[in-house]
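Asker: No letters, just coordinates:
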């Protein structure tokens, strides 16, 4: 199988690359990234054997891991790089509520038009499977757990753009027969999250640097935290299981944890690793945030044959260990 990963230098992308190579080191993998967050050097987390290719050689699938600099808003490039791919995993996106509130137009262009461009490339080139990285944000405020049959009422521009991506996936399956699968990721954390700005990675970096941790609001907002290794195994299943085109799956742990609870667990883990006296303060509530968010993963368990393996204590410990090893 030939795999194309958009945004492959990012946190999830390099973990997915590592997972794919552990499955079969002879897989052909093409990464397209604009290097706005991750860099080529980040891929050493997964492999030291990366071929840097120009657009002129983009039709060559001879190398095991090939990287091409480019942006998903470049429609002709997306048509070129998807040629010959069996599976496209679309991770490239503007991520997070905050940036979408600050610049909703950029969020729309990247997440809506960019996703459309990749889907069009897949349609033109007969790609068999398209895995779309979504989130719980399209649902918006609701009484959790979130499940796949709930109507979408997004609160933030980010949620709206991901809802649009899910809609295009549905239409491209039903109109063109492209085997799209949308995965609604929980709050992902784990090793390799060097540039990630979400709560776990940010707080680990700040704690190790002796900085004060700031929680938005009172910390009672809840999330469903999923370890990266569990997430990439779900992506593998979504790309390889037959007969699931057009489906949407919640990929999380079915556990509701407050931001304050995960922060206190993290502070305890840091203390056990020799980082005492981590300070914590509360700031203003962030615009666009929902108060409660966790997922019902029953559908993923039954149809995708997937369930999580890492609880929060184990996952946080492995994540802090990775950051400490990187520092040393």
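Answerer: That came in fine, so what should we check first? As the structure is a prediction and not an experimental result, all values here were calculated from the model.

Asker: so how far is residue 82 from residue 30?
Answerer: 9 Å (CB to CB, to the nearest Å). No exception for glycine: its C-beta is placed from N, CA and C like everyone else's.

Asker: Could I get the contacting residues of the closest residue to residue 132 other than its chain neighbours?
Answerer: Distances taken as CB to CB, 6 or more residues apart in numbering put residue 182 closest to residue 132, at 4.5 Å, once the chain neighbours are dropped. Contact analysis of residue 182 by CB atoms under 8 Å, 6 or more residues apart in numbering lists 132, 134, 165, 166, 169, 170, 247, 248, 249.

Asker: and the last one, how many neighbours?
Answerer: This means residue 249. Per other CB atoms under 10 Å, the neighbour tally for residue 249 reads 24.

Asker: Looks to me like it is in a strand.
Answerer: Yes - judged by DSSP: H, G, I helix; E, B strand; the rest coil, residue 249 forms part of a strand.

Asker: give the contact list for the residue lying closest to it once chain neighbours are set aside.
Answerer: Spatially, and ignoring its direct neighbours in sequence, residue 249 is nearest to residue 300 (4.4 Å; CB to CB, 6+ apart). Under the criterion of CB under 8 Å, 6+ apart, the neighbours of residue 300 are 234, 249, 250, 251, 306, 307.

Asker: What's the PyMOL line that selects buried ones from the residues you listed?
Answerer: Buried residues among those (16 or more other CB atoms under 10 Å), as a PyMOL selection:
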select buried, resi 234+249+250+251+306
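
Asker: For residue 49, state which of the contacts of residue 300 is nearest.
Answerer: When those are compared for distance to residue 49 (CB to CB), residue 234 wins out at 25.8 Å.

Asker: Just say helix, strand or coil for that closest one.
Answerer: helix.

Asker: any idea where the helices of the stretch 1-150 of the chain begin and end?
Answerer: With DSSP state H, counting those that start in this stretch, the ranges of helices along the stretch 1-150 of the chain come out as 11-23, 75-81, 97-102, 104-108, 114-125.

Asker: Residue 189 is nearest to which of those helices?
Answerer: With CB to CB as the measure, helix 11-23 is the member of the helices of the stretch 1-150 of the chain nearest residue 189 (9.0 Å).

Asker: Pull out the buried positions in that closest one.
Answerer: Per 16+ other CB under 10 Å, helix 11-23 contains these buried residues: 11, 12, 13, 14, 15, 16, 17, 18, 19, 20, 21.

Asker: which stretches of the chain have low pLDDT?
Answerer: Applying pLDDT under 70 to the chain picks out residues 55-59, 328.

Asker: What residue in it is the furthest from its centre?
Answerer: residue 277 (31.7 Å; CA atoms, centre = their mean).

Asker: what ranges do the strands span in the protein?
Answerer: 2-6, 28-33, 51-53, 65-69, 87-90, 129-135, 179-185, 187-189, 213-216, 222-223, 225-227, 247-251, 257-258, 280-283 (DSSP state E).

Asker: can you list the residues that contact the last one?
Answerer: When contacts are taken as CB under 8 Å, 6+ apart, the neighbours of strand 280-283 outside the stretch itself are 212, 213, 214, 215, 216, 217, 218, 219, 263, 267.

Asker: and residue 254, what is it in contact with?
Answerer: So residue 254 contacts 145, 224, 294, 295, 296, 297 (CB under 8 Å, 6+ apart).

Asker: Give me the phi and psi for it.
Answerer: Residue 254 adopts backbone torsions of phi 60, psi 30, taken as degrees, to the nearest 10.

Asker: Reformat the strands of the chain as CSV; add distance to residue 123.
Answerer: Output for these, formatted as CSV (distance: least, CB to CB, whole Å):
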stretch, distance to residue 123
strand 2-6, 14
strand 28-33, 17
strand 51-53, 24
strand 65-69, 20
strand 87-90, 11
strand 129-135, 9
strand 179-185, 10
strand 187-189, 28
strand 213-216, 40
strand 222-223, 35
strand 225-227, 30
strand 247-251, 18
strand 257-258, 39
strand 280-283, 45
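
Asker: Wait, residue 32 touches residue 68, no?
Answerer: Yes - with contact defined as CB atoms under 8 Å, residue 32 counts as touching residue 68 (5.2 Å).

Asker: how far out from the middle of the chain is the longest helix seen in the chain?
Answerer: For the chain, the longest helix by residue count, based on DSSP state H, is helix 157-176. In terms of CA atoms, centre = their mean, to the nearest Å, the centre of helix 157-176 is set 16 Å apart from its chain centre.

Asker: That one to strand 179-185, inter-axis angle?
Answerer: For helix 157-176 and strand 179-185, the angle between their directions (axes from the mean of the first three to the mean of the last three CA atoms, to 10 degrees) works out to 160 degrees.

Asker: how about helix 157-176: buried residues?
Answerer: Applying 16+ other CB under 10 Å to helix 157-176 flags 157-166, 168-169, 172-173 as buried.

Asker: What is it packed up against?
Answerer: With contacts taken as 3 or more CB pairs under 8 Å, 6 or more residues apart in numbering; DSSP states H and E, helix 157-176 sits against helix 97-102, helix 104-108, helix 114-125, strand 129-135, strand 179-185.

Asker: Lovely, talk soon.
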